[in-house]
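J.: missing the sequence, but the structure's below:
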């Protein structure tokens, strides 16, 4: 470190010792009081930086977080450049999930990050942001994050840790790093990869293990076998006319699913594509989003899936013919599907989900090969992740070595094996045998507490790093503010081991990229750096496609289909919100209703209605599930569309340490084993007699004859596009109001909506919607302004699913307004249904009179009781107090901001200039907002569609929010159940 | 006691019929300043003592009602159409059908209030002291006795004469009321 | 009309009652220095319940409306059901007092004061409910028709505002109506008062009433017109309460029959309470002579009619839902009668319609105990009816994804108990302070009987 920097620090320390400063910290950030004790210089600096950032004293400082020299304090008397109070600045960066990056823009108000939005320039986002991405902002501010370095149970210091590691380092150096182990998740970061490579040079004996509980081992193994090396597949859904999904997570979980969903939906809007749309077949054991959108769906248990795939392979000439002789369920269905696929040679796509066994992935490759999908609908690229291998084996190996005492130094980077390891890997015991184990983690989680050292990790938005997306595109991640709770990045930690006593993430990353850029032949580094950081994408860094074809008759030497499965299958799946457990501490995600179960705050064992009936089980019954010699207790949730005799156990709950999520739900890892990570046979499932109340936000599953979901088939639509229109009789004794200026309106396309809940959390983030907790959800008091209703039709075991996002309808004849006795909810001149919080006295008549039930009431002071730091709220939106009604405002704050801009520039508002939070986050563009009066506007055009309709038209409320009917592209050869 | 300090003279009767008969005769004899105090309304008694004099209560109540109606509607019209016109649920500013209830309520309220105060005014109430209270036996007029009083200001007021008339109609007691 | 013309043999006033005895008997209840033991016991219990109300309100205002079971969709709970219930009881009092004054029913005279005292006490409870149930009760005054804050007025298209104004007017009018009727009796009490304090108190209250022919004549006119106004007024009161619901889009509420339906409800529940109280007062004060079987017989008949009218409304409601074209209405109705809250529906049918049919039997009409039990049943039944109207409709609304149920919490029930306490407390105060039987009017009856 350079001298001036040092002296500067010293001066800061002096300031820090003064009572004034102590008082400041006390006043501005009481949160830090408790960690003030026993902190060293560096920690103090972090505290001070954070406290200044938080305390308003240095808004300028935190605002300049992402700028080249973040250590330069700016006195507010000279307003920092580019800070306009009340206006958001956007900084590009990326957030990673299982190592894969998705580009985001972080909206920053006065230097405080307040909202995550998708980065339109990033291939994995295209402007959309998933629910999980939206929620990371809350994770950043979570006051429950670990805040102090702990060594051997004592609060210690970074210097203390560096010292400890250095002692160890010399010893390791001595015998070439024998006994040094590194455990990470999947790594795509070029800089981190380079560091690890460097470590390998210094410590040849070091071994690097990777472990993601939601690993892609099966997929990798299959790819390895099919192409000789583990290639990644990138899909071009847009050009696929027929998609065959085998419990596919293509539009719900695979890296890059946001982009896939966008292209998927683009092919599902017949009214916009002249009556042409793709056809989707889905076979799956537990409902998936793509299964819900499928035109034909079969619920099959795993063994049947394998059989079906064999049958299909045979039918398409991708497998031994005798397979087609085998007895399979729904043979006709599969035959028809096979025929359809064959007819679309080169325009078809088969995809199997991460959780499917290698053989099914193999069959998928074989079939795709036969269908000529490679190079057409599937692009193969070199693997994005560094050194892809079997993570199961890797972790198993590590644990074994630890047990054997072969490990004396273990560094764990943002992974939580103690919680996520398969049940037959006793990581806890193994860890006890490691003299020095350091865990870099955001929370004091299970692993942390068992390690000798805990280093609080810097949040992704707090540190410089880089990561690659599903297609290889690289993003340089820039911090959004000073580290709130101290913390260190993985790169800094490894740098210490590489001999850097005072590592700084920024310097490390710059250093790496300086060389990297040179290699890639960028002459002007500064310009390269500036552009890459600014846009959030390293120009044309996407992986080049490689040409490879699956080896001939791949499937040939697969064993015949397994014998008819008996008993109950237990299948493990990530939870939509808690994921593998890393988000189990995030209130927004915990309270986010899951797409199918509409369940909040808990996970439950999902089971098919028929199976439930047979076993005499009902939702909320607590059962004891045994597999092998292990057992767990879980509440039952009866889920239509679940395959019979399959019990789905969502992972990621039942955390034993960490933050808010401790003790929420049950821990499904308890039954997971290395041998078969996604599927085990249940030894027994017995009713305990106990019950657990589950907080679902939707008790009734059917539209009960209401005029809520218009649904039809493509064939009928092509015959007569207006086939779903019925003329409502909407006379009124009163003359209709005129809206001469802008008339804001929204159009929601049921064909596009995949039920991913991104809009729900986006709305919550944008509009300061408080979290109420399980008890209040049980009491029926959840606050989400936007919800996605899920309706079933057809048979209970094979239902057809409709997702219906329901924001405020902004009715022109608003029933809520007429019954408010105090003018607290009224219309504005542009047709917005306004809610005047400080005029509301809380009669709640408006909610009673709202046929759509979109109004929410503050039965308690939810926002005040919410423990998120004040600076994390969106300053653009009022935080509501106790006893007032609230609801969707069409993001009026965004409308007004744009109107002011337009006014200042003296021009009309452009179409698409105002984007509501839900619309912005939606990966499939299901939601469109704009000016209904402008016939050229996107919303006007969509409303002109023959499929356009409004909810409960007979009530003559004249909603501004309208819907496009749901169209299914049925295969005429399949005459099935639903319809 | 001299006549100036006299308020009047009363006869106390046991029944409504008796007091009515007495009143009728006094009226016939030309007495005008008559007043009867009875425990319950005796039909036609007031008419008999003050023929042709009509009560103005209905008029007062009617006016109250009219005022209430006007005020009630105006206050709503002012609120929704003049003072703070705003689009509520797409309804017109002057949505008169919705104003009817309020108008009705104000109407009846003002009518009743008018009646209430008109009653007090016409009865000269509240009046906590009145000379007649001093009359002996008067307290029983609110229970079981019927008191007929001729005021001294009556031109043909003459105690001995009156006493004879009262007694002829079976007055239980005849007394002078000091003024 | 005289007793001779009355259909029933039982005399409206027992022989032996004279003007003197009547006045002294009734006034004595007010003037005697010490209230009877039963009064103290009753009053004590009432105060205890009133304390419950105070605690419940404190807890509510400290913690917020969330302490009740209300939620979305069922944003209105017991508070509103009870509001309707109380206002119905109050209206019942007015009906007995005003409507039957117009019909010149002789039995009304001995019972109207009880009815009116009940009316005022119940109206007080009713007035409390809507304020308590507000999310921000401190701002209830924003409903008053003036520019409360920043020049904003109330929104007068809202049935809630109609209701608020209605209740406001109703309470003011009831007080004036009650006072005008009471005036002559206050004079009687004044003239009988022995102690100085009472003389002054009642002297002031009586305003110097002298019972002169002119007083009586104006009094008669005004009182008659007041009754003529109060009668339609009370019908409007409960019709407007009905509009609170009929004005909404909620299935099960949006119905043109609500105003009359609610009025019938008011008649029957009001009468039931009048009968209960009359029985108690008669026993407690020993008014067997002036409140006779004749009264019960008459009241019971009216109550029977009310029950039949209500039964008609129930049929109408069912028919409208089943025959009508609205899916939502139909399914809401079936939810009512078969769904989660079905027991309350069938209980109300039994208590309000079936059991009261016993009143066809003269024996039942004359037996105090029988009448009392039936009345209690009806009052409970009417509470259930309000519950059935308010909750299931919200719970089973237009949008199936948002169907949900509501469970009253401890605090919901505490509020109910508390308001009962408030009612009883007020009623006991009326009992002690004012003649509970209209002396002046009963005098006329006595007189008529005498003149026969």
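T.: Perfect, thanks for sending it. Since the structure is predicted, the reported quantities are computational estimates derived from the model, not experimental observations.
J.: Flag every residue of the stretch 301-450 of chain C that's near chain B.
T.: Counting by C-beta under 8 Å from any C-beta of the partner chain, the stretch 301-450 of chain C comes close to chain B at C:440-441, C:443-444, C:447. Using the backbone N, CA and C atoms, a C-beta is placed for each residue, glycine as well.
J.: 7 Å instead?
T.: Neighbours of chain B within the stretch 301-450 of chain C, by C-beta under 7 Å from any C-beta of the partner chain: C:440, C:443-444, C:447.
J.: Quick one, which of these has the minimum pLDDT?
T.: When those are compared by pLDDT, residue C:447 scores lowest at 79.
J.: what packs against the helix or strand where that residue lies?
T.: Using DSSP states H and E, residue C:447 sits in helix C:439-450. Packed against helix C:439-450 by the contact rule (3 or more C-beta pairs under 7 Å, 6 or more residues apart in numbering or on different chains; DSSP states H and E) you find helix C:19-31, helix C:108-132, helix C:159-192.
J.: can we see that at 10 Å?
T.: Applying 3 or more C-beta pairs under 10 Å, 6 or more residues apart in numbering or on different chains; DSSP states H and E, one finds that helix C:439-450 contacts helix C:19-31, helix C:108-132, helix C:159-192, helix C:213-246.
J.: how about these in CSV, adding mean pLDDT and mean neighbour count?
T.: Shown next, in CSV, are the helices and strands packed on helix C:439-450 (pLDDT from 0 to 100; neighbours: other C-beta atoms under 10 Å in any protein chain shown):
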stretch, mean pLDDT, mean neighbour count
helix C:19-31, 86, 19
helix C:108-132, 92, 24
helix C:159-192, 93, 23
helix C:213-246, 92, 23
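J.: Can I get those in TSV including distance to chain A?
T.: Listed next are the helices and strands packed on helix C:439-450 as TSV, based on distance: least, C-beta to the nearest C-beta, whole Å:
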stretch	distance to chain A
helix C:19-31	41
helix C:108-132	8
helix C:159-192	4
helix C:213-246	8
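J.: Out of those, which gets nearest to residue A:475?
T.: Across the helices and strands packed on helix C:439-450, residue A:475 has its closest neighbour in helix C:159-192 (54.7 Å, C-beta to C-beta).
J.: now the closest one against helix C:108-132, angle please.
T.: 140 degrees (axes from the mean of the first three to the mean of the last three C-alpha atoms, to 10 degrees).
J.: which residues in chain B form strands?
T.: B:6-13, B:34-37, B:146-151, B:173-178 (DSSP state E).
J.: what do you get for the stretch 601-750 of chain A?
T.: A:605-607, A:621-627, A:630-638, A:646-650, A:679-681, A:684-691, A:695-696, A:711-713, A:744-749 (DSSP state E, counting those that start in this stretch).
J.: for the ones you listed, which one sits closest to residue A:159?
T.: Across the strands of the stretch 601-750 of chain A, residue A:159 has its closest neighbour in strand A:646-650 (42.2 Å, C-beta to C-beta).
J.: how far off strand A:621-627 does the closest one point, in degrees?
T.: 100 degrees.
J.: ok, strand A:646-650: who's next to it in the sheet?
T.: strand A:569-573 (parallel), strand A:605-607 (antiparallel) (DSSP bridges).
J.: export the ones you listed to JSON lines and tack on mean pLDDT?
T.: Below are those laid out as JSON lines (pLDDT from 0 to 100):
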{"stretch": "strand A:569-573", "mean pLDDT": "94"}
{"stretch": "strand A:605-607", "mean pLDDT": "95"}
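J.: Tell me which of these approaches residue A:515 most closely.
T.: When the strands paired with strand A:646-650 are compared by C-beta to C-beta, strand A:569-573 sits nearest residue A:515, at 41.7 Å.
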